[in-house]
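Engineer: Show me the folded form of this:
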Amino acid sequence: MPGRLEGKVCVITGATGIAEATAIMAVKEGARVFIMNRTPEHGAALTEQLGSLGAECDRATVDLVDSERVSAAIDRAKSRFGRIDSLFNVAGISGRRYGDGPIHECSEAGWDMTMSTNVKTMFLVCRSVVRTMREQTPGANGLRGTILNMSSVLGFSPSPKYFATHAYAASKGAINSLSQSMAAHYAAEKIRVNVIAPGLVRTPMSQRAQENDLIQGFMKTKQPLREEMISAESVARLAVFLLSDEAADITGEVVSVDAGWHVSEGQS
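Structural biologist: From the prediction side, this is the model:
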């Protein structure tokens, strides 16, 4: 049976954690994948793994805050595959080690780094991809393309005891607003835009939380469906659905995969 992403060209930013899990799942569903990330060894390892699965894939090592390099990478993807059917913007940072924290403690450097890495990168990649998609003829599904942006449950469901990183929360709120505005603007041009807002996921970025026994205990009630951190594969399954034609009529949505985070009080 053909996969849900059979023949589709999917650009993914990032090469570890949720990006890695989604790329692997996407190629198993028949996608051709183009990876954009900053760390060469991570990108090389992932594309090698995808190649071992028989996938047609390529990559570009690029600092996603560099507009010229972002545009060049998207041009490369289009040149290699002929079109871009979907984009999954995953790459981002927590900002804590750069000085993010409660607003009275957050440094300007922490704010600037977090907003630039999480929001400016998404703006630049979306801009280049939307420009490409608008020039494409619609595919067999009647759409020119699909964009999926990575947010966080912290963008709308604060948890101040252990996750008081206000620049990070602001960046994720900005992503939600940007994505919904894009969805409204480009729907008539047959481009879908949605958002995934995960809870606490087991990835390299969440290493601090993984090593904190208090946070692990907190997850038992804050993410009660799982009673622990969510797997990257759980988020990837939702991503593949939202990128596929099964979700062809869905746009402008912020979809949580948080094991109950945003509806639970949580106790530690």
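Engineer: what's Leu53 in contact with, if anything?
Structural biologist: Leu53 sits next to Ile24, Val27, Lys28 when contact means Cβ atoms under 8 Å, 6 or more residues apart in numbering. C-beta coordinates here come from the backbone N, C-alpha and C atoms, glycine included.
Engineer: out of the residues you listed, which is most surrounded?
Structural biologist: Val27 (22 neighbours; other Cβ atoms under 10 Å).
Engineer: From what I see, that residue and Ala55 are in contact.
Structural biologist: Yes: using Cβ atoms under 8 Å, Val27 is in contact with Ala55, at 3.7 Å.
Engineer: Find the residues that touch each one of the two.
Structural biologist: Common neighbours of Val27 and Ala55, counting by Cβ under 8 Å, 6+ apart, are Val33.
Engineer: Just the ones of the contacts of Leu53 in helices?
Structural biologist: Among the contacts of Leu53, the members falling in helices are Ile24, Val27, Lys28 (criterion: DSSP state H).
Engineer: Assess the claim that the last one and Gly3 are in contact.
Structural biologist: Which is Lys28. Yes: the pair formed by Lys28 and Gly3 meets the contact definition of Cβ under 8 Å, at 6.7 Å.
Engineer: Tell me which other helices or strands the helix or strand hosting Met133 touches.
Structural biologist: Following DSSP states H and E, one finds Met133 within helix 121-135. For helix 121-135, the elements it packs on are strand 9-13, helix 67-81, strand 86-89, strand 145-150, helix 166-186, strand 191-198, judged by 3 or more Cβ pairs under 8 Å, 6 or more residues apart in numbering; DSSP states H and E.
Engineer: and the angle for it with strand 9-13?
Structural biologist: Taking axes from the mean of the first three to the mean of the last three Cα atoms, to 10 degrees, one finds helix 121-135 and strand 9-13 inclined to each other by 170 degrees.
Engineer: Give the rounded mean pLDDT of helix 121-135.
Structural biologist: When pLDDT is averaged along helix 121-135, the result is 98.
Engineer: residues of it that come out buried?
Structural biologist: Thr121, Met122, Phe123, Leu124, Val125, Cys126, Ser128, Val129, Val130, Thr132, Met133 (16 or more other Cβ atoms under 10 Å).
Engineer: List every C-alpha atom in it, with coordinates, as PDB.
Structural biologist: Taking Å, rounded to 0.1, in the frame of the first residue of the first chain, the C-alpha atoms of helix 121-135 are listed here in PDB:
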ATOM      1  CA  THR A 121      14.300  31.300  11.900                       C
ATOM      2  CA  MET A 122      10.700  30.300  11.400                       C
ATOM      3  CA  PHE A 123       9.900  33.600   9.700                       C
ATOM      4  CA  LEU A 124      12.800  33.200   7.300                       C
ATOM      5  CA  VAL A 125      12.100  29.500   6.400                       C
ATOM      6  CA  CYS A 126       8.400  30.100   6.000                       C
ATOM      7  CA  ARG A 127       9.000  33.100   3.800                       C
ATOM      8  CA  SER A 128      11.200  31.200   1.400                       C
ATOM      9  CA  VAL A 129       9.000  28.200   1.300                       C
ATOM     10  CA  VAL A 130       5.800  30.200   0.800                       C
ATOM     11  CA  ARG A 131       7.400  32.000  -2.000                       C
ATOM     12  CA  THR A 132       8.200  28.700  -3.600                       C
ATOM     13  CA  MET A 133       4.800  27.200  -2.900                       C
ATOM     14  CA  ARG A 134       2.900  30.100  -4.400                       C
ATOM     15  CA  GLU A 135       4.700  29.500  -7.700                       C
END
